[in-house]
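In: predicted model follows, preceded by the sequence.
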Amino acid sequence: MNRYFVPFAQLRQQPTILVDSVGIGAVLTLAHWRGASTPVDLRDDTSAGSALRALHHSETPGLDAAAVTANHFDVDGFIGVWALLHPALARQHEELLRLVAVVGDFREIDFANPLADAALQLVCWLNAEEKARFYEPFGAPARHRREDEASAEKFAWFLPRFAGILQNPEAGRAAWQPEFERVKQAGTAMQAPLTTWRRYPEIGLAVVETSLPGPYYALFGPTAGLDIMLSLYDGHRYELEYKYTTWVDLASRPTLPRLALAPLVARLNTLETSSRTWAADGITDTGPLLRLTGKKLSKAERYADPDGRPIYASTIAPEVMEREVRAFFQAGYAGIQPRKYWTWPEVKAAGQ
């Protein structure tokens, strides 16, 4: 079958497969979004993973549709769409493409994996070309455009070109090399003696003490299997973040629900004696941040790497910050068991 991409606005104009999105009118949805109607046999940690699973289940209702769409452009969604349009090549490179989707969406990379460098090169190529030729992730509103409309231009450019880079990464070296080398250097620093990691799996928390902020791919790499990240940087600079792994439905493991961070914010503000105040994003944000406030960050700035935004000095000592964060989650998760497929109402109720 020769499938083709259609802009999201054309979803109902023909039988259409919907990837990494939700919407009314799709004949088949392949998405890890919470509550998406992805068939049980095709559920996966990433939407691309569901699309790749579908290539092995030709009997799936709706998979005979020729049109494919998504309501935004990101690495995971793109890989899922591309795989449906190029099934033979996708099956040939399935393990690598699965890793690309995980790195792109969850920002988790295990550099010991023999495919890690190849996956990171492809992710960096997609990132670099997206920013150079179009706009950064979540950047459409600043340009007074709707993401579901503007992203169609990205798909139109990337879909015919990705196979060439997949089969010959050297052809894209000029684009992927700067970010690739930056991430590799930061990844080495994250494993150096001056960086300390502490993990609290019973509450899903990873804590890192390191000198400077860096790229997410290096920061989140060592946190696979955990869903909350507390970063303690030199100069009493801190950020707490819920990873994207608790915004979606993971198929591979159970998770704890996100807790509303307002009580923790209030507690930190009683301890903070600087002129700044602590604040946090709502739990339905894709990656809520808790941080000392300054200039209000846009969604694009919050999604971008930590070293690309200001992180302000606190008067709270790092050991106190870690103790307060641990105490908040230990109390909040008392009596709550990890499980799969939380609904948003259940998540919100768990934090009450």
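Out: Alright, I've got the coordinates.
In: dump the residue contacts of residue 250.
Out: Going by CB atoms under 8 Å, 6 or more residues apart in numbering, residue 250 touches 32, 45, 340. Quick note: C-beta positions are derived from backbone N, CA and C, even for glycine.
In: quick check on it: phi, psi?
Out: Backbone torsions for residue 250, taken as degrees, to the nearest 10, come to phi -80, psi 140.
In: pLDDT value on it, please?
Out: We have a pLDDT of 97 for residue 250.
In: gap between it and residue 63?
Out: For residue 250, the distance to residue 63 (CB to CB, to the nearest Å) stands at 23 Å.
In: likewise for residue 28?
Out: Distance, residue 28 to residue 63, by CB to CB: 6 Å.
In: mind listing the strands for the protein?
Out: 4-5, 16-19, 28-30, 67-69, 196-200, 205-210, 228-233, 237-242, 278-280, 289-292 (DSSP state E).
In: what's the fifth one packed up against?
Out: Spelled out, it's strand 196-200. strand 205-210, helix 318-332 (3 or more CB pairs under 8 Å, 6 or more residues apart in numbering; DSSP states H and E).
In: what angle do strand 228-233 and the last one make with each other?
Out: I take that to be helix 318-332. Put simply, helix 318-332 runs at 170 degrees to strand 228-233, going by axes from the mean of the first three to the mean of the last three CA atoms, to 10 degrees.
In: thinking again about what came up before, need the winner for burial among the helices and strands packed on strand 196-200.
Out: Of all those, strand 205-210 carries the top mean neighbour count, a mean of 21, counting by mean count of other CB atoms under 10 Å.
In: wait, isn't residue 38 in contact with residue 26?
Out: No. With contacts counted by CB atoms under 8 Å, residue 38 stays clear of residue 26, the gap being 10.6 Å.
In: what about residue 279, neighbour count?
Out: 16 (other CB atoms under 10 Å).
In: sorry, slip of the keys, the one I care about is residue 226.
Out: Count around residue 226 with other CB under 10 Å applied: 20.
In: measure the nearest residue to it once chain neighbours are set aside to residue 313 for me?
Out: Spatially, and ignoring its direct neighbours in sequence, residue 226 is nearest to residue 206 (4.4 Å; CB to CB, 6 or more residues apart in numbering). Distance of residue 206 to residue 313, computed by CB to CB: 22 Å.
In: ok, now which ones touch residue 166?
Out: Each residue near residue 166 by CB under 8 Å, 6+ apart is listed here: 89, 93, 96, 122.
In: try it again at 7 Å.
Out: Counting by CB atoms under 7 Å, 6 or more residues apart in numbering, residue 166 touches 93, 122.
In: per-residue pLDDT, it?
Out: Listed pLDDT for residue 166 reads 98.
In: kindly report the same for residue 270.
Out: 98.
In: for residue 143, same thing?
Out: If you check residue 143, the pLDDT there is 87.
In: rewinding a little: now restrict the contacts of residue 250 to buried residues only.
Out: Buried by 16 or more other CB atoms under 10 Å: 32, 45, out of these.
In: what's the closest of the contacts of residue 250 to residue 161?
Out: Lowest distance from residue 161 to those (CB to CB) belongs to residue 32, with 25.4 Å.
In: separation between the closest one and residue 238?
Out: Note on residue 32: its distance to residue 238, by CB to CB, is 30 Å.
In: quick check: nearest residue in space to residue 348, chain neighbours excluded?
Out: Leaving aside its sequence neighbours, residue 348 sits nearest to residue 283 (CB to CB, 6+ apart; 7.3 Å).
In: list the residues that contact that neighbour.
Out: So residue 283 contacts 258, 260, 347 (CB under 7 Å, 6+ apart).
In: can you show me the helices along the stretch 201-350 of the chain?
Out: Ranges of helices in the stretch 201-350 of the chain, per DSSP state H, counting those that start in this stretch, are 216-220, 262-271, 299-303, 318-332, 344-350.
In: okay, those in JSON lines with distance to residue 15 next?
Out: Below are the helices of the stretch 201-350 of the chain laid out as JSON lines (distance: least, CB to CB, whole Å):
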{"stretch": "helix 216-220", "distance to residue 15": "37"}
{"stretch": "helix 262-271", "distance to residue 15": "45"}
{"stretch": "helix 299-303", "distance to residue 15": "33"}
{"stretch": "helix 318-332", "distance to residue 15": "45"}
{"stretch": "helix 344-350", "distance to residue 15": "29"}
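In: those: lowest mean pLDDT?
Out: helix 299-303 (a mean of 87).
In: list the buried residues in it.
Out: Across helix 299-303, burial judged by 16+ other CB under 10 Å covers 299, 300, 302, 303.
In: right, and the third one touches residue 289 too?
Out: Translated: residue 302. Yes. Counting by CB atoms under 7 Å, residue 302 does reach residue 289; the two are 5.7 Å apart.
In: would you format the strands of the chain as a markdown table with mean pLDDT and distance to residue 76 included?
Out: Output for these, formatted as a markdown table (pLDDT from 0 to 100; distance: least, CB to CB, whole Å):
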| stretch | mean pLDDT | distance to residue 76 |
| --- | --- | --- |
| strand 4-5 | 98 | 16 |
| strand 16-19 | 98 | 9 |
| strand 28-30 | 98 | 11 |
| strand 67-69 | 98 | 14 |
| strand 196-200 | 98 | 25 |
| strand 205-210 | 98 | 22 |
| strand 228-233 | 98 | 19 |
| strand 237-242 | 98 | 18 |
| strand 278-280 | 97 | 25 |
| strand 289-292 | 97 | 21 |
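In: run a quick neighbour tally on the closest residue to residue 284 other than its chain neighbours.
Out: Taking CB to CB, 6+ apart, and ignoring the residues beside it in sequence, residue 284 has residue 344 as its nearest neighbour in space, at 6.7 Å. Neighbour count of residue 344, defined by other CB under 10 Å: 14.
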